[in-house]
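J.: Let me see the structure of the following:
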Amino acid sequence: MTPLDVNFHKTALVLIDLQQGIVASSNGQEVVEKAVRLVRLFREKSGFIAFVHVDFHDGADRLKPATDQPVPVIQPPDGWAEFVPELGVRPDDYVVTKRQWGAFFGTDLDLQLRRRGIDTIVLCGIATNIGVESTAREAFQLGYHQIFVTDAMKAYSQEEHEATCRYIFPRIGKVRSVGQFMTEAGGAE
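T.: Below you'll find the model as predicted:
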């Protein structure tokens, strides 16, 4: 395993879908607790943070492909897309609202990162094999270096989480735990 060389002026933390509705539906509180540690480290080191959530304007902006396993369309409850309060999202934080799985397509995330000279992203969030993996594949195609903090991620099944972490992430970036990342990046552990 090649050691990390984290330059916080060129590295962004990208948190995927740590919003009330998704965290609640996935029992993702442990992921939130680990993500909070990463947020604190990036704030301490003056690193850039992108808080990403999925939300829809009026429902007409949802993807509606013909599939063998359709996702039921429900009216999300109030507060569904709001970030969990533990993250401490501030009014001046950078927030990405996406309308599909990945955080790059149809958003200005790439523009914001490039204008800041960021070439590396640290990814975590829910769901490992959906929003996180889709964002990771997009970032790979855009040429970003990536660090995947896999214990700060969760899928809707352990098999889905493990498949992505084992077969996809090592091919497009570096895989670490929160503890490993904190130690290698110079954060207090």
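
J.: contact partners of stretch 64-80?
T.: The contact list for stretch 64-80 (C-beta atoms under 8 Å, 6 or more residues apart in numbering) reads Q19, Q20, G21, D55, G59, R62. Yep, even glycine has a C-beta here, placed from its N, CA and C like the rest.

J.: can you do 6 Å?
T.: Residues external to stretch 64-80 that are found in contact with it (C-beta atoms under 6 Å, 6 or more residues apart in numbering): Q20, G21.

J.: What mean pLDDT does that stretch get?
T.: Averaging pLDDT along stretch 64-80 gives 83.

J.: Need the distance between the two termini of that stretch.
T.: By C-alpha to C-alpha, to the nearest Å, the extent of stretch 64-80 from end to end equals 20 Å.

J.: now the chain, which segments are flagged as low pLDDT?
T.: Residue ranges of the chain with pLDDT under 70: 187-189.

J.: what are the ranges of the strands in it?
T.: Along the chain, the stretches classed as strands by DSSP state E are 11-16, 48-54, 94-98, 120-126, 145-154, 174-176.

J.: out of those, nearest to A81?
T.: Closest to A81 of these is strand 48-54 (C-beta to C-beta; 5.3 Å).

J.: For that closest one, list every residue counted as buried.
T.: F48, I49, A50, F51, V52, H53, V54 (16 or more other C-beta atoms under 10 Å).

J.: TSV for the strands of the chain, including distance to A35?
T.: Shown next, in TSV, are the strands of the chain (distance: least, C-beta to C-beta, whole Å):
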stretch	distance to A35
strand 11-16	6
strand 48-54	10
strand 94-98	15
strand 120-126	5
strand 145-154	5
strand 174-176	14
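
J.: And the ones you listed: which comes nearest S25?
T.: Using C-beta to C-beta, these put strand 120-126 closest to S25, at 8.9 Å.
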